[in-house]
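Enquirer: Generate a structure from the sequence data that follows.
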Amino acid sequence: MSYRALALKYRPRTFAEIVGQETVVRTLQNALRSGRIGHAFLLTGTRGVGKTTSARILAKALNCSRADGPTPEPCLECASCTEIAAGNSLDVQEIDGASNNGVENVRELRESARYNPSRDRFKVWVIDEVHMLSTAAFNALLKTLEEPPPRVKFIFATTDYHKVPDTILSRCQQYDFKQLSTRQLHDHLRHVAKEEQIAISELALGRVARAAEGSVRDALSLFDQVLAYSGSEVKDEDLATLLGLVDRELLTGASRAVLESDAATLLRLVDSLAVAGADYRTYCRELLLHFRELLLLKVAPGDEALLQELTAEERAAISPIADAFSEDDLLRALDLLGRSELELRNATDPRVALELVLLKLATLRRLLPLAELLARAERLDGFQRRDEPGAGPMGATSRTAAPPPPSPHGAATPRPTPAAVAPAPRPAPAPASRPTPAAAAAAAPAPARRGAAAPASPPVDVPALPADAPAEDVLQALKAAASARPSLSTPLKGATARLEGGALVLEPDADYAAFVSSHAADYEELLRRAGARLKLRVEARAGATAEATPQQKKREELMQEAAADPAVQVTLDLFGGRVVDVREASDQEKVK
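Expert: Here you go, the predicted model:
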């Protein structure tokens, strides 16, 4: 016996065998049981979802000779059922609308409809791709379709019902066939593999199901092709070689490289696509779907309905990546990939376009979730309140300053000259409310009170230093302790240190020397947290003692003024930034 393709071998013969169309099946079976059978049916849907197959089963159900009338369960053994299945029944005519689309063909159909069936209960016309009929042919069919003879039934099937005239639609019962989900196709393929005694992994079945894009016929045809290549034992790597599918590892590798901002790995990935001859636009579309899966795992990790297209193995592989991304980052990546897929269609060099997309993804700065940002702001504000004089045991204090006394001449009290900083500071609190060493030094010549710390994040756990720790270890411990305060940790990046007696001599970059000096108390407090009770002395680095110009001196003064501003420190710690430039405010800005 000659080989039959899987799509033909496993074509449904009864309503119970139809996959994924429960609503349509139930409606048709109930109509057949109750006898409420229409005279014209329109079956719509995409390719390979069971329209023509359902039309043949419906024809069998109408004409099965073993039943007294229409039945929801045809016997499949009587002469009528076997002839309909073989396509040679005299009373069931299947017509291709694409090749029989003229008025003459419809005229022949109308003449034939005048006569009773030769043997069966009904004369049934199945017209496939009915939207291909011409306008004149549709018009010629209207009268017969509206008032057909009592023993005539019409079953139309189309993949594009929008092209069917409204006058035809209004005369038919319309049944919409939906695309099957990946899970439904996966289960159907597993059943076929079991019947055919094929050894194949769940991962491979899932990839074939996704490639079918909701079509049962496409899924079986792809599976047939895979079996022709691999035989009775299918390996996972055979799918990528045969069907040109994107390897799952290339998708997870790309998302992992984006997470780590690893541009080199992304470029090597594109090179591997070029070597394999893969389609860049297909890869971009698959990557878009991959990031969608990451977002679904992020927002609904326990929703089986949303995650049904992912197998358990795939879910376990990408869950850590989804956890590492924020929802905002995934949404931005999806937006960028969605726009880039359209751009790749018209790109003169698709490889370069794909590389640019991946590099943009890698360089997107990670966004801090709003809830975490607000929590950090509250935490910093709480530490600021705790250090204010007059604060209660819980850090509560009144932040309302007394109004300044009126001028004897009724003029407004002059405002101090502010310094305009690159990150715009919020209005600073009253100077007396937060006596940091730098602020006290700027306000009066009296020495600053030790122990008055700047607003800070909660202390970072740092391992205690041994008593004989070298200077390099002390410096590293100081950097670790300052990691929660970007405004304090940034000046330490290029600094060197040495021990002299009971003091740590710190040599930061010239631009940060004044800042570190003004915050010596803060750094000594960090040293105590690290277990090193050392004094801190700041020295200019050798070779940086050249005479400064007036502009440089002015800039250094403004930098010191900005560094002493509590609002600037809170802003830097809140957003993880640093002051890169300072300029003096203009007259108009001073008025504001």
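
Enquirer: which non-adjacent residue is nearest V49?
Expert: F177 (4.4 Å; CB to CB, 6 or more residues apart in numbering). Backbone N, C-alpha and C define where each C-beta goes, glycine included.

Enquirer: which residues touch that neighbour?
Expert: 21, 24, 43-46, 49-51, 54 (CB atoms under 8 Å, 6 or more residues apart in numbering).

Enquirer: Kindly recompute the last result at 7 Å.
Expert: 21, 24, 43-45, 49-51 (CB atoms under 7 Å, 6 or more residues apart in numbering).

Enquirer: Can you flag which of the residues you listed belong to helices?
Expert: The helices, defined by DSSP state H, take in 24, 51 from these.

Enquirer: ok, so of the contacts of F177, who is nearest K479?
Expert: Nearest to K479 among those is V49, at 62.7 Å by CB to CB.

Enquirer: The closest one touches Q179, doesn't it?
Expert: Yes - the pair V49 and Q179 passes the contact test of CB atoms under 7 Å, sitting 6.4 Å apart.

Enquirer: more neighbours, these two?
Expert: Set side by side, V49 and Q179 show more neighbours around V49, with 27 against 18, by other CB atoms under 10 Å.

Enquirer: which SSE is K143 in?
Expert: helix 135-146 (DSSP states H and E).

Enquirer: what's the distance between the next helix or strand after that helix and the middle of its chain?
Expert: Next along the chain after helix 135-146, taking DSSP H and E as the criterion, comes strand 152-158. Relative to its parent chain, strand 152-158 has a centroid offset of 43 Å by CA atoms, centre = their mean, to the nearest Å.

Enquirer: next one: stretch 92-105
Expert: Centroid displacement of stretch 92-105 relative to its chain, using CA atoms, centre = their mean, is 47 Å.

Enquirer: Let me see the mean pLDDT of that stretch.
Expert: Mean per-residue pLDDT for stretch 92-105: 90.

Enquirer: Can you pull the domain assignment for the chain?
Expert: Listed by automatic domain parsing, the domain ranges of the chain are 6-176, 246-367, 369-387+418-592.

Enquirer: right, so of these, which gets closest to Q197?
Expert: Closest of those to Q197 is domain 6-176, at 13.2 Å (criterion: CB to CB).

Enquirer: still on that earlier bit, list the buried residues for the helix holding K143?
Expert: Neighbour-count burial for helix 135-146, counted by 16 or more other CB atoms under 10 Å, picks out 137-138, 140-141, 144-145.

Enquirer: now swap in stretch 205-220 and tell me
Expert: 205-212, 214-220.

Enquirer: how far does that stretch stretch from start to finish?
Expert: For stretch 205-220, the first-to-last residue distance is 11 Å (CA to CA, to the nearest Å).

Enquirer: Can we start the residue count at 283 from this point?
Expert: Got it, the first residue is 283 from now on, which makes the last one we talked about stretch 487-502.

Enquirer: circling back to that earlier point, closest to A298 among the buried residues of helix 417-428?
Expert: Distances from A298 to the buried residues of helix 417-428, taken by CB to CB, are shortest for L427, at 30.3 Å.

Enquirer: so that closest one sits right up against Q455, yeah?
Expert: No - L427 is beyond contact range of Q455, at 12.0 Å (criterion: CB under 7 Å).

Enquirer: okay, and the common contacts of these two?
Expert: Joint contacts of L427 and Q455 (CB under 7 Å, 6+ apart) are A322.

Enquirer: low pLDDT regions in the stretch 283-432 of the chain?
Expert: The stretch 283-432 of the chain contains residues with pLDDT under 70 at 283.

Enquirer: Can you show me the strands along it?
Expert: 322-326, 374-378, 405-410 (DSSP state E, counting those that start in this stretch).

Enquirer: For L612, find the nearest of the ones you listed.
Expert: Of those, nearest to L612 by CB to CB is strand 322-326, at 35.2 Å.
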